[in-house]
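Enquirer: this one's structure only:
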Ligand SMILES: CSCCC(=O)C(=O)COP(=O)(O)O
Ligand SMILES: [Zn+2]
């Protein structure tokens, strides 16, 4: 099996799992997986598709500039430049971007602060943080419509082989060394967002734990 086919299948599997979670509303979301290092090539989702569907045209191979490597009618994701920034700056192997109601609410709640912080949750161990008082932070950037501007702002927060950025009222982009890690981190972030949103609602309605 060629490396492209192997990586295609790996990315298709993650895509199917995120679809199962219903994280691809209205054609939103994009995913990629690194195929080769030198030269850099990666498979990225084709733009504008319903990512819940599985087809032979789900992904295309692009280069270090996000340009298709082969002749194709498919367009790479409109947000490919963000993936380019990550692959060119780190050893990430997979990138996942989803729009969820919870990640949009958190990005709006804490957007003016420029970050959201979470602690006191067992799931933080998914990020490799095992201390009892561990805190995890996620940067929040404005949702610039001009993608090169968005990519430039985004790149300021790309400083490790694994990481995540919230784009305000848009979605989350998570990356990891491989597909397993990227998915684990994405699920952990979405757990934290969902818990936090529900907790704030419960607090407001005074349905609090009795201790
Ligand atoms: C309807 S979602 C708007 C575009 C977007 O934010 C997204 O994630 C999907 O764009 P793509 O070009 O990757 O399909
Ligand atoms: Zn998006």
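Expert: Done, it's in. Everything numeric in this text was worked out from a predicted model, so none of it was measured. Numbering: from 1, shown residues only. Ligands and ions are numbered 1, 2, ... in the order given.
Enquirer: quick one: the longest helix seen in the chain to chain centroid distance?
Expert: Using DSSP state H, we find that the single longest helix of the chain is helix 179-204. Distance of helix 179-204 from the chain centroid (C-alpha atoms, centre = their mean, to the nearest Å) equals 13 Å.
Enquirer: hmm, it touching ligand 1?
Expert: No. If you take C-beta under 6 Å from any ligand atom as the test, helix 179-204 misses ligand 1, and the best it gets is 13.8 Å. Using the backbone N, CA and C atoms, a C-beta is placed for each residue, glycine as well.
Enquirer: ok, residue 13 to ligand 1 distance?
Expert: 19 Å (C-beta to the nearest ligand atom, to the nearest Å).
Enquirer: same for the longest helix of the chain, what does it pack against?
Expert: If you count contacts as 3 or more C-beta pairs under 8 Å, 6 or more residues apart in numbering; DSSP states H and E, helix 179-204 packs onto helix 3-20, strand 94-98, helix 101-109, strand 115-119, strand 163-167, strand 171-176.
Enquirer: how about it: buried residues?
Expert: Going by neighbour count (16 or more other C-beta atoms under 10 Å), the buried part of helix 179-204 is 179, 181-194, 196-197.
Enquirer: got it, and stretch 20-39?
Expert: Buried, per 16+ other C-beta under 10 Å, within stretch 20-39: 23-24, 29-35.
Enquirer: farthest pair within the residues you listed?
Expert: Spanning the widest gap among these are 23 and 35, at 23.6 Å by C-beta to C-beta.
Enquirer: ok, back up a step: let me know the closest of the buried residues of stretch 20-39 to ligand 1.
Expert: In terms of C-beta to the nearest ligand atom, no member of the buried residues of stretch 20-39 lies closer to ligand 1 than residue 30, at 3.5 Å.
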